[in-house]
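S.K.: compute the structure for the input listed below.
(chains A and B)
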Amino acid sequence: METPNFTFNTTFQSLGSKARLGRLSTPHGIVETPAFIFCATKAAIKGATPQNMRQENTQIILANTYHLMLQPGSEIVARMGGLHQFMGWDGPMLTDSGGFQIFSLGHGSIAEEVKGRRHSSRPKSLLKINEEGATFKSYIDGKRHILTPEKSIQVQRGLGADLIVVLDECTPFHVDKSYTERSMHMSHRWAERSLKEFQKGPSGVQALYGITQGGVYPDLRKASADFVNSLPFFGHAVGGSLGANKTQMAEVVEMAMEPLNPARPVHLLGIGGISDIFYGVQQGIDTFDCVHPTRLARHGGALVPLSVWENMSEDPRGREHMNLRNARFRDDSRPIDETCGCQTCQTLSRGYLHHLLKAGEFLAMHALTIHNVHFMNRLLSRIRQAIALKCLEEEKKKWIA
RNA sequence: GCGGGUGUAGCUCAAUUGGUUAGAGCGCCAGUUUGUGGUACUGGAGGUCGUGGGUUCAAUUCCCAUCACUCGCC
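M.R.: Numbers count the residues shown, from 1 in each chain, chains lettered A, B, ... in the order given. All right, here's what the predicted structure looks like:
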């Protein structure tokens, strides 16, 4: 399973938990893990430039196969020199398989159900799913597309990210065990087909991640882990339904992680809350990705550590961000977080950001995105430091209550 | 000065032949956002229905007066 130009080494293993430090080496650079991967869905971080991302200490970003295959198409990106050159990001990069979007965007309610939520009125665009692959309508022009495991790998090859992922079916939370089991086996067959297609390509250019399925069922999670362990994937991603709430998610992550081969890096798909990251790290997760930090920024939310609430004499329990749209920030001349070193906190006040949000100025989203990106990179950096110093529990108390 | 029109939530407007706690959008106040269809979703506060009379069991609704704004004509 050695993939030329790609290596993953555990540089430190905690004794108290499964938390570990690692070095994930790619042709575009090294990622110190645990690390957070920001979502540049359509080859763009919404509201920030690649320079902004580098300036705020970003190690790695991700782009979405689903969106890019529809617009502008992987051929265009390939002709433009691949994603790195296309978007001006020369660091490590990952693309997902497009599987999740087909189900979450297509089924309408599944995205919500997957994460234990409800209500959605999106049009259904998923037309058919069978052994061959998934047929869906483009949300852009209604054109029919078929995404097969082979096609997903081909598209990702054209996009040219360092780390790529096998196509899977993301089962919604509400389905029963028998459906989850059948779906898991089909995703396994898709994984084998993805791997076979992957091996037809040039070696040493990209590394492939396999995904563990099994929903909330311990025996299925074990079977799926055994399966991905048995194939020569470079890394693993924890996928499928993680349950209906945070408590169940913790249980699922634990049961999914336990049997996975520790020699390979493990990515937890789509998770990015502060408390979730601490939990994941303690279960041995090496990388996370989530739209939360950047989406939250666009809605006026700034991620903050506990000290911010303490400085305002407010109860910090359960809070991970401040809503700068709140009227109480109208005449607050302090930065979001006095201890933050980001560009936004160096120059802009809460009161000004509040005004920008109220006035609908794009600058608000830009400034908050930069802050949240810096925050996540700082958080993960502190977590790595704490793991090395064997004080992760103490560190955690500085970020969440 | 004469004639017409309009006055309902902070704003733009709805309210069935007069009939129970007068609605919506936006705004405002707050909450939610976890493998991103870029500005979504949920909840909440807020009205002496221009003012004063009158008719009626009952008036935002009908009548009179009055004020404000507005259009047209002398």
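
S.K.: make it CA atoms for all contacts and neighbour counts henceforth
M.R.: OK.

S.K.: start to end distance for stretch A:46-53?
M.R.: Start and end residues of stretch A:46-53 are separated by 11 Å (CA to CA, to the nearest Å).

S.K.: mind listing what's buried in it?
M.R.: For stretch A:46-53, burial by neighbour count (16 or more other CA atoms under 10 Å) applies to A:Lys46, A:Gly47, A:Ala48, A:Thr49, A:Pro50, A:Asn52, A:Met53.

S.K.: in a strand, the first one, correct?
M.R.: So the one you mean is A:Lys46. No: counting by DSSP: H, G, I helix; E, B strand; the rest coil, A:Lys46 is not found in a strand; it is coil.

S.K.: so which of the buried residues of stretch A:46-53 are also by RNA strand B?
M.R.: A:Lys46, A:Gly47 (CA under 7 Å from any atom of the strand).

S.K.: now the buried residues of stretch A:46-53 as JSON lines including pLDDT?
M.R.: Output for those, formatted as JSON lines (pLDDT from 0 to 100):
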{"residue": "A:Lys46", "pLDDT": "94"}
{"residue": "A:Gly47", "pLDDT": "92"}
{"residue": "A:Ala48", "pLDDT": "95"}
{"residue": "A:Thr49", "pLDDT": "95"}
{"residue": "A:Pro50", "pLDDT": "96"}
{"residue": "A:Asn52", "pLDDT": "96"}
{"residue": "A:Met53", "pLDDT": "96"}
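
S.K.: low-confidence ranges, chain A, go.
M.R.: Within chain A, the ranges that satisfy pLDDT under 70 run A:1-2, A:105-124.

S.K.: give me the three-state assignment for A:Thr11.
M.R.: Assignment for A:Thr11 (three-state DSSP): strand.

S.K.: and it, how far is that from A:His267?
M.R.: As judged by CA to CA, A:Thr11 and A:His267 stand 17 Å apart.

S.K.: swap in A:Ser241?
M.R.: Distance, A:Ser241 to A:His267, by CA to CA: 15 Å.

S.K.: same question, A:Ser230
M.R.: If you go by CA to CA, the gap between A:Ser230 and A:His267 works out to 18 Å.

S.K.: more neighbours, those two?
M.R.: Taking other CA atoms under 10 Å, A:Ser230 and A:His267 do not tie; A:His267 has more neighbours (26 against 10).

S.K.: need the helices for the stretch 1-150 of chain A, in chain order.
M.R.: A:50-55, A:65-70, A:74-79, A:83-87, A:99-106, A:110-114, A:149-159 (DSSP state H, counting those that start in this stretch).

S.K.: what's the closest of these to A:Leu356?
M.R.: With CA to CA as the measure, helix A:50-55 is the member of the helices of the stretch 1-150 of chain A nearest A:Leu356 (19.5 Å).

S.K.: that closest one packs against which elements?
M.R.: Helix A:50-55 is packed against helix A:362-388, with contacts defined by 3 or more CA pairs under 8 Å, 6 or more residues apart in numbering; DSSP states H and E.

S.K.: near RNA strand B at all, the helix it packs on?
M.R.: Yes: counting by CA under 7 Å from any atom of the strand, RNA strand B is contacted by helix A:362-388 at A:Phe362, A:Met365.

S.K.: tell me which residues of that helix come out buried.
M.R.: Quick answer for helix A:362-388 (16+ other CA under 10 Å): A:364-381, A:383-384, A:386-388.

S.K.: and for stretch A:329-344?
M.R.: So stretch A:329-344, judged by 16+ other CA under 10 Å, has buried residues A:Phe329, A:Arg330, A:Pro335, A:Ile336, A:Asp337, A:Cys340, A:Cys342, A:Gln343, A:Thr344.
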